[in-house]
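Asks: have a look at this prediction, sequence included:
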Amino acid sequence: MAEDAPKSIYDFTVKDIRGNDVSLSEYSGKVLLIVNVASKCGLTQSNYKELNVLYEKYKNQGFEILAFPCNQFAGQEPGTNEQIQEVVCTAFKAEFPIFDKIEVNGKNAAPLYKFLKSEKGGYFGDAIKWNFTKFLVNKEGKVVERYAPTTSPLKIEERRDTFVEIPGST
């Protein structure tokens with residue numbers, strides 16, 4: 001392993017939906033759910049609805065959702081960043097951070113996604129198969145779980161021991 005290889009997601013800087021650099025080290029000490037999202041997917045309504053529920057419930061307990069729009073799956077996120085933000089904030093009422101549209105597979109895959117996939121490969125190799133693949137990252141910036149696009153975000157709540165201080169669990 002190269003000496004300068006990323007050791008956690010905190011080693012990455014990404015762009016937010018307005019094009020500003022964001023160091024993921026800003027999220028140090030928080031549990032993260034990183035999701036590749038799309039506005040026009042059959043999974044969109046249910047995923048955004050449930051992600052909002054999770055976010056509302058746990059955002060004040062050190063939990064954050066980071067959404068990365070991606071148009072690599074059947075062209076289901078065709079809009080510009082401005083259009084995506086409008087849809088996500090208006091139609092889906094998402095309050096969690098939305099980032100710059102990226103690629104998650106192939107030679108132009110975002111470095112963050114190369115890292116996520118290397119940490120937790122899927123059942124059919126590392127490639128992201130569809131919109132709404134979810135990665136759960138612990139407070140140390142390590143990937144602890146990968147969820148399929150069809151996994152309900154509320155199912156991830158079963159792992160809340162990862163992101164909620166349960167009394168008596170320390």
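Replies: Arrived safely, thanks for sending. Since this is a predicted model, take the numbers as computed values, not measurements.
Asks: which strands or helices does the least confident helix or strand in the chain by mean pLDDT pack on?
Replies: The weakest-scoring helix or strand in the chain, judged by mean pLDDT, DSSP states H and E, is helix 81-90 (a mean of 90). Where contact means 3 or more CB pairs under 8 Å, 6 or more residues apart in numbering; DSSP states H and E, helix 81-90 is packed against strand 63-69. For glycine as for every other residue, the C-beta is placed from the backbone atoms N, C-alpha and C.
Asks: sorry, back to before: what's next to the helix or strand that the least confident helix or strand of the chain is followed by, contact-wise?
Replies: Downstream of helix 81-90, the next assigned helix or strand under DSSP states H and E is helix 111-119. Outside of helix 111-119, the residues within contact range by CB atoms under 8 Å, 6 or more residues apart in numbering are 6, 9, 12, 14, 24, 34, 36, 68, 102-105, 109, 126-128, 135, 142-143, 146.
Asks: could you pull out the buried residues of helix 111-119?
Replies: Leu112, Tyr113, Phe115, Leu116, Lys117, Glu119 (16 or more other CB atoms under 10 Å).
Asks: where's the second one relative to Ile34, distance?
Replies: This points to Tyr113. Relative to Ile34, Tyr113 is positioned 9 Å away (CB to CB, to the nearest Å).
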